[in-house]
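*Asks:* Predicted coordinates and the sequence they were generated for:
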Amino acid sequence: MLEILTSGDQMIAIFIGATHSPEKTSFLTPLSEPIQLGIGVFKKGGCVEPHRHRGKAAVVEEFQEFIMVKRGKVIASVYDTSDTLLKEFEMGPGDSLLLLRGGHAFHFLEDTEFLELKQGPYLGRENMKTLINPRPVVEKPAVHQAVLGVESTTRN
């Protein structure tokens, strides 16, 4: 399962289920996002040439976070930029979630270990986190639409 959560014209998060397996390499984030998420698919014997990535000064206005569950079970709650709950995902081993903007919370159903990737530098909790007062799910049901074979949930 692959699901892209949006609110208005903003991409909020991308959930990639452990069993999602595209036929070819594809990037899921628009080129304008400050972090790029792709799924690489390669044939046996193929290669990626040795390379490095050039640096360029950039202003980061919002920090993104990527989570991949290694073991255990967790409920990930995803909120839009108005602190309204968009969706909750029950995540298990191999499931991933890219959080581009908005808020999030985690409730651990089992002892859990996950990989967490964020941009740096880390400036301390008081400078990096704002606790939110979550609003309940909006009454209007989500609109599901297929975009290039990707299920997308939009709340207007």
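*Replies:* Here it is on my side, so go on.

*Asks:* Spell out the residue ranges of the strands in this structure.
*Replies:* Remark: strands assigned in the chain by DSSP state E are 2-7, 10-16, 26-27, 38-39, 65-71, 74-79, 85-91, 96-99, 103-108, 113-118, 143-147, 150-155.

*Asks:* mean pLDDT for these: which is lowest?
*Replies:* Lowest mean pLDDT within those: strand 143-147, at a mean of 39.

*Asks:* Distance check, the residue nearest the centre of the chain against Ile39.
*Replies:* Nearest residue to the geometric centre of the chain (C-alpha atoms, centre = their mean): Leu98, 1.4 Å. Per C-beta to C-beta, to the nearest Å, Leu98 is found 11 Å from Ile39. C-beta here means a position set from N, CA and C on the backbone, and glycine is covered the same way.

*Asks:* Find residues that contact each of those two.
*Replies:* Shared contacts of Leu98 and Ile39, defined by C-beta atoms under 8 Å, 6 or more residues apart in numbering, comprise Ile16, Leu28.

*Asks:* Save the strands of the chain as JSON lines, and put in distance to Ala58 too.
*Replies:* Output for the strands of the chain, formatted as JSON lines (distance: least, C-beta to C-beta, whole Å):
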{"stretch": "strand 2-7", "distance to Ala58": "23"}
{"stretch": "strand 10-16", "distance to Ala58": "18"}
{"stretch": "strand 26-27", "distance to Ala58": "18"}
{"stretch": "strand 38-39", "distance to Ala58": "19"}
{"stretch": "strand 65-71", "distance to Ala58": "17"}
{"stretch": "strand 74-79", "distance to Ala58": "25"}
{"stretch": "strand 85-91", "distance to Ala58": "27"}
{"stretch": "strand 96-99", "distance to Ala58": "18"}
{"stretch": "strand 103-108", "distance to Ala58": "23"}
{"stretch": "strand 113-118", "distance to Ala58": "15"}
{"stretch": "strand 143-147", "distance to Ala58": "27"}
{"stretch": "strand 150-155", "distance to Ala58": "27"}
